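> no sequence on this one, just coordinates:
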């Protein structure tokens, strides 16, 4: 069975992007994938610094997060947009888990032969799309296969009901299409 990881690029308790990642995980499970939702707030780690790494190695939470990425066939990231880019907490986590922590470990082990799907929620009219451009570029540069479709949800404060379901049919349809591509691509790559 295809194993997929879902997370948001935010540590905020009531993050709109956490809602999107959770909803996406439910839809992927309905499509037959084994899913796991994680919260980056549970993986606090220092800002990446080469001197720190040389003196201390990878932080324990970076190793835990890296192992989760390695154990799964792919990952869905719902990322907020910060100043037309993606948040530093997400960049820091992705940077730390790109580092080897064992002798002769394959570089980028957490990313090689993985598929990713992206989404964003924003209160604004563009739905966070500007932040996904550099995130897509970074992941593509480190050997991740990205689904062509991604979901951007505008008017985020009105996008979910109290149960966490998406309200608007067009946004729900784009999410379904993105998750379907994600599940199918992960199944092909892991076969």
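In hand now; what should we look at? Just so we're clear, the structure is a prediction, and the values are computed from it rather than from any experiment.

> Surely residue 3 and residue 69 touch.
No - counting by C-beta atoms under 8 Å, residue 3 does not reach residue 69; the two are 10.8 Å apart. C-beta: built from backbone N, CA, C; applies to glycine.

> Settle it for me: which of those two has more neighbours?
Each of residue 3 and residue 69 has its neighbours counted (other C-beta atoms under 10 Å); residue 69 has more, 20 against 15.

> Would you double-check that that one falls in a helix?
Yes - in this structure, residue 69 lies within a helix as judged by DSSP: H, G, I helix; E, B strand; the rest coil.

> Now do the contacts for the spatially most central residue of the chain.
Computing the C-alpha centroid of the chain and ranking residues by C-alpha atoms, centre = their mean puts residue 77 first, at 2.0 Å. For residue 77, the contacting residues are 7-9, 21, 90, 116-119, 135, taking C-beta atoms under 8 Å, 6 or more residues apart in numbering as the criterion.

> Closest one to residue 154 out of those, please.
Nearest to residue 154 out of the contacts of residue 77 is residue 119 (C-beta to C-beta; 12.2 Å).

> and residue 12, how many neighbours does it have?
Residues lying near residue 12 (other C-beta under 10 Å) number 14.

> what sits against it?
For residue 12, the contacting residues are residue 18, taking C-beta under 8 Å, 6+ apart as the criterion.

> That one should be in a helix, yeah?
No - according to three-state DSSP, residue 12 belongs to no helix; its state is coil.

> Distance-wise, check it relative to residue 106.
Taking C-beta to C-beta, to the nearest Å as the criterion, residue 12 is separated from residue 106 by 34 Å.
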